[in-house]
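> here you go, sequence then predicted model.
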Amino acid sequence: MKMAFLRTPIVNLKNSPFGSTPGIPANLPYLASVLLKAGHQIAIVDAYGLAPHRFTSYLDKFEARGLLPDEIVACIPGDVDVIGVSVHCTLEHGMAIRIIKESKLRFPDIPLVVGGYHTTFCVDPFLEAGADYLLQGEGEHRLPMLLRMLESGENFSMNGIFGSGFNKARTPEVCPIEDLPFAYFDPIPLDNYWKLHYAHGPVREGKYITMFTSRGCPFACAFCQTPKMWGGHWMAKSPSRIVDEMDYYHHRYGVSDFHIQDENFSLSKERTREFTRELIKRKRNYTYCFPSGIKVETVGEEELQMLYDSGCKYFALSPESASRKVLKLMNKPVDLDHVKKVVHWCNKIGIRVNCNFVLGFPGEEKEDRKLTYKFIRELIVLGMDEIVAFMLTPLPETDVADLKPDDIEFENINFSPTWRDNYKLITYARIWIYIQFAVIKTITHPVKVLRSIAALFTRRFSMKSDMTVYRFMADLWDRHVRKQRTVEIREVSWFSADKE
């Protein structure tokens, strides 16, 4: 069968410095490789990747970046058999609804399936918009099964599918991933991404690839959807399989820089050590980073040195708060003393480290934030390279989801929930944290500050924050100078296994 995947444009609040930086998608290329292996043909309409310099006002206070729904649908080849819409997060909700409706207008008789992280927590709106099927959880196993059902009438035997005559809620789990084929990035406009010089992780060499080596997380933080997504399970690829995958992307796409987007890469210390040994044994000159973070307690000085020696240049940590009361409310196990040690070791070894904090959790008081401010100042002196201060966002089906009023639209469940009662207070707290960080880092680590300034000119970034400053400047150019209004719209190409 011929299946066309549609990716929504990137949606963010206008003029907000707190949105995430988009990068090369990995979910669709992994799905594509599975379908190719099963004998299907695939096409991908990457709305953002095809028009990354085009900004369009959306819902008053938002902006969409990339192709718009009618343009996305116009790119679908006319001989398509199945249409798939990928929905990653709440900000993409409304755009996905519009894409579904536009697709059904042009292809009323073509089955349309919607999936992605967000659909695991939100079902009815997509079916009401016209989707024929909704898949929850991982698509690598469910989607081929659905296509077999459509092609031959074979019954769908797995849970996690909704549609006419189907109502099988997913049991949270992690499906085996060791033997899944490597991601197939050929349909993605990689050059467009590489020319941007920014992504979710620091872009060092221009060319990079996003990949996953594990799935899931055994922890149950109250603000996170991961516990409901994976049910407390964690599954990882073997170290040799990871390096094989890196070698594949290096030879196929010419990349030597890898952004590993795992939720929890380093849960197994032995696996971490074996991975670094495998890279060193094969004499690979790769660089890699963990922009989504690692669990701080899973690495000691030995593991950090091995990571650095094998090419790791950056990762994030998530202490979230320095108040033990708040950490208990979050159900977040953190060894704050070990956080200090890891930051110190990273500064000595040469790994750039970012620390994430969450402000505004229910029960947090002024004294709790003061503890966090003090802890942050200590980390800066120890050598913490950058910081991200989030405001608590009550994502669907988390333990704090009931903070969201019923009349709040999905797009407003974002990194800057302006509707929360304490929005202004927490915004000032975030600004105060960034001011302290800038001042203290300039005083205690002036050489690092100079390197950050130099990075803006060389476009070789070792940290997200430097890259983000560059992105703001580039986006200003795109909005006010380039002002791209029209883009070339043409049908995307089909890919099949014989093109490998």
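Arrived safely, thanks for sending.

> show me how the protein divides into domains.
In the domain annotation for the chain, the residue ranges read 2-175, 199-444 (automatic domain parsing).

> same question for the last one, mean pLDDT?
Summarised as a single mean, pLDDT over domain 199-444 is 95.

> so what's the gap between that domain and the chain middle?
Domain 199-444 sits 12 Å away from the centroid of its parent chain (CA atoms, centre = their mean, to the nearest Å).

> which stretch among the domains of the chain comes nearest S462?
domain 199-444 (5.1 Å; CB to CB). Placement of C-beta: from N, CA and C, glycine included.

> circling back: which one of the domains of the chain lies nearest to P181?
Using CB to CB, those put domain 2-175 closest to P181, at 4.2 Å.

> now do the closest one: distance from first to last residue.
25 Å (CA to CA, to the nearest Å).

> in the chain, which helix is the longest?
helix 423-444 (DSSP state H).

> grab the CA positions of that helix and hand them over as CSV.
This file holds the C-alpha atoms of helix 423-444, laid out as CSV (Å, rounded to 0.1, in the frame of the first residue of the first chain):
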residue,chain,number,x,y,z
TYR,A,423,1.6,33.2,35.7
LYS,A,424,2.9,36.7,36.3
LEU,A,425,4.6,35.6,39.6
ILE,A,426,6.3,32.6,38.0
THR,A,427,7.3,34.7,34.9
TYR,A,428,9.1,37.1,37.2
ALA,A,429,10.7,34.2,39.0
ARG,A,430,12.0,32.8,35.7
ILE,A,431,13.4,36.2,34.6
TRP,A,432,15.1,36.6,38.0
ILE,A,433,16.7,33.2,37.6
TYR,A,434,18.1,34.1,34.1
ILE,A,435,19.4,37.4,35.4
GLN,A,436,21.3,35.7,38.2
PHE,A,437,22.6,33.1,35.9
ALA,A,438,24.0,35.7,33.4
VAL,A,439,25.6,37.9,36.1
ILE,A,440,27.2,35.1,38.1
LYS,A,441,28.4,33.2,35.1
THR,A,442,30.0,36.3,33.7
ILE,A,443,31.8,36.9,37.0
THR,A,444,32.9,33.3,37.7
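
> buried set for that helix?
426-427, 429-430, 433, 437, 440-441 (16 or more other CB atoms under 10 Å).

> strands of the stretch 351-500 of the chain, residue ranges please.
Here the stretch 351-500 of the chain has its strands, by DSSP state E, counting those that start in this stretch, at 352-359, 386-391.

> now for the last one, which elements pack on it?
In terms of contacts (3 or more CB pairs under 8 Å, 6 or more residues apart in numbering; DSSP states H and E), strand 386-391 is packed against strand 352-359, helix 366-382, helix 423-444, helix 464-477.

> run the last query once more with 7 Å
Packing partners of strand 386-391 (3 or more CB pairs under 7 Å, 6 or more residues apart in numbering; DSSP states H and E): strand 352-359, helix 423-444.

> circling back: now the strands of the stretch 351-500 of the chain as CSV including distance to E278?
What follows is those, written out as CSV (distance: least, CB to CB, whole Å):
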stretch, distance to E278
strand 352-359, 23
strand 386-391, 29
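
> out of those, which is closest to P319?
Closest approach to P319 among the strands of the stretch 351-500 of the chain (CB to CB): strand 352-359, 5.9 Å.

> what pairs with the closest one, and is each one parallel or antiparallel?
Strand partners for strand 352-359, identified by DSSP bridges, are recorded as strand 312-320 (parallel), strand 386-391 (parallel).

> deepest of the ones you listed, which one?
strand 312-320 (a mean of 23; mean count of other CB atoms under 10 Å).

> turn the domains of the chain into TSV, including distance to M467.
Below are the domains of the chain laid out as TSV (distance: least, CB to CB, whole Å):
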stretch	distance to M467
domain 2-175	7
domain 199-444	6
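
> what's the closest of the ones you listed to F472?
domain 2-175 (7.3 Å).

> who touches the helix or strand hosting E245?
Using DSSP states H and E, E245 maps to helix 239-253. Here helix 239-253 makes contact (CB atoms under 7 Å, 6 or more residues apart in numbering) with 178, 182, 185, 190, 209, 211, 213, 255-256, 258, 271, 274-275, 278-279, 282, 284, 286.

> now the longest helix of the chain and strand 386-391, what's the angle there?
Put simply, helix 423-444 runs at 170 degrees to strand 386-391, going by axes from the mean of the first three to the mean of the last three CA atoms, to 10 degrees.

> now helix 423-444 against helix 464-477, angle please.
120 degrees.

> that's a helix at H259, yeah?
No - using DSSP: H, G, I helix; E, B strand; the rest coil, the secondary structure at H259 is strand, not a helix.

> over to the nearest residue to it once chain neighbours are set aside: give its phi and psi.
Spatially, and ignoring its direct neighbours in sequence, H259 is nearest to G201 (4.0 Å; CB to CB, 6 or more residues apart in numbering). With angles defined as degrees, to the nearest 10, G201 sits at phi -110, psi 160.

> what is the burial count for G201?
28 (other CB atoms under 10 Å).

> who's in contact with it?
Applying CB under 7 Å, 6+ apart, we find G201 in contact with 23, 259, 289, 291, 314.

> which parts of the stretch 101-250 of the chain are strands?
Ranges of strands in the stretch 101-250 of the chain, per DSSP E, counting those that start in this stretch, are 112-115, 133-135, 161-163, 166-168, 209-211, 214-216, 234-236.

> mean neighbour count for these - can I get that in TSV?
Shown next, in TSV, are those (neighbours: other CB atoms under 10 Å):
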stretch	mean neighbour count
strand 112-115	27
strand 133-135	25
strand 161-163	21
strand 166-168	13
strand 209-211	25
strand 214-216	22
strand 234-236	18
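
> and for S323, the neighbour number?
22.

> what does the pLDDT read for C175?
79.

> wouldn't it be in contact with R142 here?
No - counting by CB atoms under 7 Å, C175 sits too far from R142 to count as a contact (8.8 Å).

> who has more neighbours, the two?
More neighbours surround R142 than the other of C175 and R142, with 22 against 15 (other CB under 10 Å).

> element containing G84?
strand 82-86.

> who does that strand pair up with?
Strand 82-86 sits in its sheet next to strand 2-7 (parallel), strand 112-115 (parallel), going by DSSP bridges.

> mind checking those for the one nearest to L196?
That would be strand 2-7 among these, by CB to CB, at 15.9 Å.

> would you pull up how far that closest one lies from the middle of the chain?
Worked out by CA atoms, centre = their mean, strand 2-7 lies 20 Å from the chain centre.

> R215 and W230, how far apart?
7 Å (CB to CB, to the nearest Å).

> run a quick neighbour tally on G23.
Neighbours of G23 (other CB under 10 Å): 21.

> and the nearest residue to G232 once chain neighbours are set aside, how far from G137?
Once flanking residues are discounted, G232 sits nearest to P218: 5.3 Å by CB to CB, 6+ apart. Separation of P218 from G137 (CB to CB): 17 Å.

> out of the strands of the stretch 351-500 of the chain, nearest to G115?
Judging those by CB to CB, what sits closest to G115 is strand 386-391, at 26.4 Å.
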